[in-house]
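Trainee: Sequence plus the predicted model coming up.
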Amino acid sequence: MRCLLIFVFNFILIPRIFGQASIKVLDSKVSPKGDIEIQYTDNDSCICMDVWLVSKEDTTQRFMLDSATTLGTKYFFSPDEKWIAANKEFLSNYRTIILYKRIKGIQYSQVMVDEIFEKAVKFLSITEHLHHVPVFGHSSAELIRWLPNSKAFVLEISGWDNNQGIKVSNWDCLFNLKTLSISLYKNNHGKVIKQEVK
């Protein structure tokens, strides 16, 4: 029932809403194949924005990808358009990657929340031979770029754990979409600084 209501809202009510009110588009970007436009629109209920996917063939076909999201959040299509990744700021001290998978047409569904960041930090702790998995008081994970084959993307993590004296700066790794796993990135030039905790 819930899925039906979401479908009705996105594909029946949305065109009516757009027909009745003027929507302020803050920014937009066309997908790699040129068939979908992603629009960042003003949400006057808060200091935030809504994110829409619009069919370039039929602009009455709109799908709300995200609502009342933080200003500055950016969404990136994979080259084959099967995925969308968002660099999203939830709190001033926490930024992570949200992943959406294409269902059909312009419909995408969120598939992961903070698992990407958690996996990346665990992988970092093993790779850098840390005694504990860092618990960052301030952290960020950002998509840097998709690989051309759309099978993986480069992500970069930064943060600091004052309790353990660990600071991570611009540490890059790969996230594999098929295995949902983290692996080494040969061009990683990030730093992990270990300081003595007094």
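Mentor: Nice, thanks for sending it over.
Trainee: CA atoms only for the longest helix anywhere in the chain, dumped as PDB, please.
Mentor: Across the chain, the helix with the greatest residue count (assigned by DSSP state H) is helix 115-127. Output of helix 115-127 as PDB, limited to C-alpha atoms (Å, rounded to 0.1, in the frame of the first residue of the first chain):
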ATOM      1  CA  GLU A 115      27.400   1.400   5.300                       C
ATOM      2  CA  ILE A 116      29.800   2.800   2.700                       C
ATOM      3  CA  PHE A 117      31.500   5.000   5.200                       C
ATOM      4  CA  GLU A 118      31.600   2.300   7.800                       C
ATOM      5  CA  LYS A 119      33.200  -0.200   5.400                       C
ATOM      6  CA  ALA A 120      35.700   2.400   4.200                       C
ATOM      7  CA  VAL A 121      36.800   3.200   7.800                       C
ATOM      8  CA  LYS A 122      37.200  -0.500   8.700                       C
ATOM      9  CA  PHE A 123      39.200  -1.100   5.500                       C
ATOM     10  CA  LEU A 124      41.400   1.900   6.300                       C
ATOM     11  CA  SER A 125      42.100   0.500   9.800                       C
ATOM     12  CA  ILE A 126      43.200  -2.800   8.400                       C
ATOM     13  CA  THR A 127      45.300  -1.300   5.600                       C
END
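Trainee: Check which residues of the next helix-or-strand element following it are buried.
Mentor: Per DSSP states H and E, the first helix or strand lying C-terminal to helix 115-127 is strand 138-146. By neighbour count on 16 or more other Cβ atoms under 10 Å, the buried set for strand 138-146 is 139, 140, 141, 142, 143, 146. For every residue, glycine as well, the C-beta is placed using N, CA and C.
Trainee: Pop out the phi and psi values for residue 39.
Mentor: Residue 39 adopts backbone torsions of phi -120, psi 130, taken as degrees, to the nearest 10.
Trainee: ok, now the one 10 residues further on?
Mentor: Torsion angles at residue 49 (phi, psi; degrees, to the nearest 10) stand at phi -150, psi 160.
Trainee: show me the contacts for it.
Mentor: Counting by Cβ atoms under 8 Å, 6 or more residues apart in numbering, residue 49 touches 26, 40, 41, 42, 43, 68, 69, 71, 73.
Trainee: Looking at strand pairing, list the partners for the residue lying closest to the last one once chain neighbours are set aside.
Mentor: Ranked by Cβ to Cβ, 6 or more residues apart in numbering and with sequence neighbours excluded, the top spatial neighbour of residue 73 is residue 88, at 4.7 Å. For residue 88, the residues forming beta bridges with it (DSSP bridges) are residue 96.
Trainee: All good on my end, thank you.
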